[in-house]
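A.B. asks: just a sequence and a predicted model for now, questions to come.
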Amino acid sequence: MDHKKIPYYGLFAALAILMGYVEMLIPIPVLIPGVKLGLANVIIIIMMYFMDTKSAFFVSLIRVILSGLLFAGFAGLLYSLAGALLSFAVMALLKKTGKFSIVGVSIAGGIFHNVGQIIVAALAVENVRMAYYLPFLLVSGVVTGIFIGIVAKTALGYLKR
């Protein structure tokens, strides 16, 4: 382990948790449950490109667990964990191909985060009809993915300088 990176882990984890908390304070006027901006993902995507995928994964995991325990409760933790793990796996694979821009990777992350949450919701309530929300959540995943990707790309430009 590179000991010079340890302060970055703490900083990025704290920022990701803070962004998740700030997001909870922002009212989103949408009628579809589960639609969120995904502000904490800005930090995770920045880590994927500024540091490495492995570091970003561990900070993402720490963020989801701590945020879930602090702000969302056990059910919220399960939904967040499912969405974050699926989202991260897809983003890591797309980034590794080198064929997708940071915005493209972010869009895929937004989409698959929602897919992961719908899967857990359908299993939790034992009702496949939860999939009716999926088209709306896919659109929101694309829109928020574009926003998050642009913010991460802009911030990354400043970090690399």
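C.D. replies: It's in.

A.B. asks: now do the buried residues in the helix or strand of the chain with the lowest mean pLDDT.
C.D. replies: When the helices and strands of the chain are scored by mean pLDDT, DSSP states H and E, helix 6-25 comes last with a mean of 87. Judged by neighbour count (16 or more other CB atoms under 10 Å), helix 6-25 contains these buried residues: Tyr9, Phe12, Ala13, Leu15, Ala16, Ile17, Met19, Gly20, Glu23. For the C-beta atoms, the positions are set from N, CA and C on the backbone; glycine is no exception.

A.B. asks: ok, the third one touching Val64?
C.D. replies: So the one you mean is Ala13. No - using CB atoms under 8 Å, Ala13 makes no contact with Val64, being 10.7 Å away.

A.B. asks: distance check, Ala82 against Ile26.
C.D. replies: Separation of Ala82 from Ile26 (CB to CB, to the nearest Å) stands at 23 Å.

A.B. asks: mind checking which helix or strand the residue most central in space within the chain is in?
C.D. replies: When CA atoms, centre = their mean is applied to the chain, the residue found nearest the centroid is Asn41 (3.9 Å). Assigned by DSSP states H and E, Asn41 belongs to helix 40-50.

A.B. asks: just for this protein, where's the confidence low?
C.D. replies: Scanning the chain for pLDDT under 70 picks out 1, 29-35.

A.B. asks: and Leu37, which of the three is it?
C.D. replies: Per DSSP: H, G, I helix; E, B strand; the rest coil, the secondary structure class of Leu37 is coil.

A.B. asks: right, and it touches Pro27 too?
C.D. replies: No - applying CB under 8 Å as the test, Leu37 and Pro27 come out as separate, 11.2 Å apart.

A.B. asks: looking at those two, which is more packed in?
C.D. replies: More crowded of Leu37 and Pro27, by other CB atoms under 10 Å: Leu37, with 19 against 6.

A.B. asks: and the more buried one, what does it touch?
C.D. replies: Glu23, Ile26, Ile28, Thr144, Phe147, Ile148 (CB atoms under 8 Å, 6 or more residues apart in numbering).

A.B. asks: can you give me the distance of the fifth one to Val125?
C.D. replies: Translated: Phe147. 30 Å.
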